[in-house]
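S.K.: No letters, just coordinates:
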């Protein structure tokens, strides 16, 4: 079925599920810290706009968190069902790392999430703020362990191989492997940016609809300050990450650049656009800037970047895909920097909240952070191929022995179920965003009980409003 063998169907299935899943943790990481900031500002200033924003975004956080947990469980099961070879080979390292994530991060989040979502009028303000901070800390700890596991697969160290199985030798080296610090900072910052643009786009949408309130203005202002400050930092982190990748995974860099060969004595150009052809071993229709590839990747005008032809064909990543996924990520990053700079100019001129072209720009940039994260993960994971553990285990050796029909049916089931279940979740999230922050939220003294609105009786009870369309139906 689909004209693809079981091996590639397994890869497509995992790519499909991880692409759905990663959106939720990215927003969760950013929103959790945003909520902590909002509650801290509310406690310090007693400005009700911060309180209203907290209650508004806590509902969206709750729905997003729930969908992230469900989609994450499916991915964990796939390691055993579809990638049993990998689990057998490297499970002694990746298993404990994922267990540490559950023990330190998920339990922390789960322990304080109920207080955060339902305890506003039941516990003291200090304890509630502490609970919000612990949930935010839990999301960051979760990022730490997930990135430690994935980074070890990219740059493995601290292990020995006994009887064909990886055995941990030095856990400090395993966790703090060469690519881990760069990837942790790059991904965490990406999550903050994605959430900022998500929040900013929501505010822009309301302002374009003439819903101009102090809370909406604060929402836009905070998001744009984040874009202005963090987007350039992310660009510098990306440069450092690229240099680290050049050192440890040069084939990935060559594929990202669509760079096939190095003429003697010539600096490497930067190929802006083109069509890498894996069969003909060249990038067709290449638009090049001389010397710039060497300048960006080696910080010199004479050093050469490794070329794809210097690697065996069986060890080359698919340049056709990651050449463009990398450029999508980098291009969106440049637009993020531009949005931040333009916002500062408009802020100075007093037109930040009234310039409709800029508000449309901010609205259209809403999904840019999430798209950039997906493009970055495609670049990272496809660029690691043909290895599942770089230099140690090939992806083809990691897959379970399933038939083509079995994998085709399971992939089709995933597409149908995910599209329906999470599609409804997305619609619900967008309806919540369209409703906007309401004045006076959190003023009530409802202490719960059967049938009351504060009773956590269903998974989405944190977002308790009945949503209506614009006509009130």
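M.R.: Here it is on my side, so go on. Predicted model only: the values in this text are computed from it and were never measured.

S.K.: Count the neighbours of residue 316 for me.
M.R.: Other residues within reach of residue 316, judged by other Cβ atoms under 10 Å, total 20. C-beta: built from backbone N, CA, C; applies to glycine.

S.K.: give me the number of residues near residue 108?
M.R.: 17.

S.K.: what residues are up against it?
M.R.: By Cβ atoms under 8 Å, 6 or more residues apart in numbering, residue 108 lies in contact with 134, 135, 137, 138, 141.

S.K.: What strand or helix carries it?
M.R.: For residue 108, the host element (DSSP states H and E) is helix 107-118.

S.K.: all strands for the chain, in order.
M.R.: With DSSP state E as the criterion, the chain has strands at 159-162, 165-168, 270-277, 282-289, 387-389, 393-394.

S.K.: could the contacts of residue 108 be laid out in TSV, adding pLDDT, distance to residue 377 and neighbour count?
M.R.: Formatted as TSV, those follow (pLDDT from 0 to 100; distance: Cβ to Cβ, whole Å; neighbours: other Cβ atoms under 10 Å):
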residue	pLDDT	distance to residue 377	neighbour count
134	94	28	18
135	93	24	27
137	94	24	18
138	92	22	24
141	93	20	18
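
S.K.: out of the residues you listed, which one sits closest to residue 437?
M.R.: Nearest to residue 437 among those, counting by Cβ to Cβ, is residue 135 at 19.8 Å.

S.K.: That closest one contacts residue 113, correct?
M.R.: Yes - using Cβ atoms under 8 Å, residue 135 is in contact with residue 113, at 5.7 Å.

S.K.: what is in contact with these two at once?
M.R.: Here residue 135 and residue 113 have no joint contacts, going by Cβ under 8 Å, 6+ apart.

S.K.: Out of the strands of the chain, the one nearest residue 192 is which?
M.R.: Nearest of these (Cβ to Cβ): strand 270-277, 28.3 Å.

S.K.: could you pull out the helices for the stretch 201-350 of the chain?
M.R.: Using DSSP state H, counting those that start in this stretch, the helices of the stretch 201-350 of the chain run over residues 214-248, 250-257, 292-298, 319-349.

S.K.: Would you single out the least confident of these?
M.R.: Set side by side, the helices of the stretch 201-350 of the chain give their lowest mean pLDDT on helix 292-298, at a mean of 85.

S.K.: Show me what it is packed against.
M.R.: helix 214-248, helix 250-257, strand 270-277 (3 or more Cβ pairs under 8 Å, 6 or more residues apart in numbering; DSSP states H and E).

S.K.: what about 6 Å?
M.R.: Taking 3 or more Cβ pairs under 6 Å, 6 or more residues apart in numbering; DSSP states H and E as contact, there are no helices or strands that helix 292-298 lies on.

S.K.: And the strands of the chain: which comes nearest residue 241?
M.R.: Closest approach to residue 241 among those (Cβ to Cβ): strand 270-277, 17.4 Å.

S.K.: partners of that closest one in the sheet?
M.R.: On the basis of DSSP bridges, the sheet neighbours of strand 270-277 come out as strand 282-289 (antiparallel).

S.K.: Pull out the buried positions in the strand it pairs with.
M.R.: For strand 282-289, burial by neighbour count (16 or more other Cβ atoms under 10 Å) applies to 282, 283, 286, 288.

S.K.: Identify the farthest-apart pair in these.
M.R.: For these, the maximum inter-member distance is 12.4 Å, found between 282 and 288 (Cβ to Cβ).

S.K.: what about stretch 75-92, start to end distance?
M.R.: End-to-end distance for stretch 75-92, by Cα to Cα, to the nearest Å: 18 Å.

S.K.: what do you get for stretch 262-280?
M.R.: This stretch, stretch 262-280, spans 16 Å end to end (Cα to Cα).

S.K.: Can you give the distance from it to the centre of its chain?
M.R.: Its chain's average C-alpha position is 30 Å from that of stretch 262-280, according to Cα atoms, centre = their mean, to the nearest Å.

S.K.: Not counting its own residues, what contacts that stretch?
M.R.: 258, 283-294, 301-302, 304-305, 307, 319-320, 323 (Cβ atoms under 6 Å, 6 or more residues apart in numbering).

S.K.: can we see that at 7 Å?
M.R.: Here stretch 262-280 makes contact (Cβ atoms under 7 Å, 6 or more residues apart in numbering) with 257-259, 283-294, 296, 301-302, 304-305, 307, 318-320, 323.

S.K.: Same question for stretch 202-216.
M.R.: By Cβ under 7 Å, 6+ apart, the surrounding residues in contact with stretch 202-216 are 49, 52-53, 219-220, 223, 353, 356, 359, 362-363, 433, 436-437.

S.K.: what ranges do the helices span in the stretch 51-200 of the chain?
M.R.: Shown for the stretch 51-200 of the chain, the helices assigned by DSSP H, counting those that start in this stretch span residues 84-101, 107-118, 125-154, 171-175, 180-208.

S.K.: Tell me which of the ones you listed is the most buried.
M.R.: helix 180-208 (a mean of 23; mean count of other Cβ atoms under 10 Å).

S.K.: Any regions of the chain where pLDDT drops low?
M.R.: Under the criterion pLDDT under 70, the flagged ranges of the chain are 1-3, 440-473.

S.K.: Domains in it, by residue range?
M.R.: Domain assignment for the chain by automatic domain parsing gives 20-177+402-468, 227-386.

S.K.: Residue 394 is nearest to which of those domains?
M.R.: Nearest of the domains of the chain to residue 394, taken as Cβ to Cβ: domain 227-386 at 5.3 Å.

S.K.: now that closest one, how far from the chain's geometric center?
M.R.: Computed by Cα atoms, centre = their mean, the separation of domain 227-386 from the middle of its chain amounts to 17 Å.

S.K.: Can you list the buried residues in the lengthiest helix in the chain?
M.R.: What stands out as the longest helix in the chain, according to DSSP state H, is helix 6-45. With burial defined by 16+ other Cβ under 10 Å, the residues of helix 6-45 counted as buried are 6-7, 9-14, 17-18, 20-39, 41-42.

S.K.: Stretch 338-345 too?
M.R.: Of all the residues in stretch 338-345, those buried under the rule 16+ other Cβ under 10 Å are 339, 340, 342, 343.

S.K.: Same list (these) but as a markdown table, adding distance to residue 169.
M.R.: Below are the buried residues of stretch 338-345 laid out as a markdown table (distance: Cβ to Cβ, whole Å):
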| residue | distance to residue 169 |
| --- | --- |
| 339 | 47 |
| 340 | 45 |
| 342 | 51 |
| 343 | 50 |
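
S.K.: Identify the farthest-apart pair in those residues.
M.R.: Distance extremes for those: the farthest pair is 340 and 342 at 7.4 Å, using Cβ to Cβ.

S.K.: returning to what we had before: so which of the strands of the chain is the most surrounded?
M.R.: strand 387-389 comes out most buried of the strands of the chain by mean count of other Cβ under 10 Å, with a mean of 22.

S.K.: What pairs with that one, parallel or antiparallel?
M.R.: Per DSSP bridges, strand 387-389 is paired in its sheet with strand 393-394 (antiparallel).

S.K.: now the strand it pairs with, how far from the chain's geometric center?
M.R.: With Cα atoms, centre = their mean, you get 25 Å for strand 393-394.
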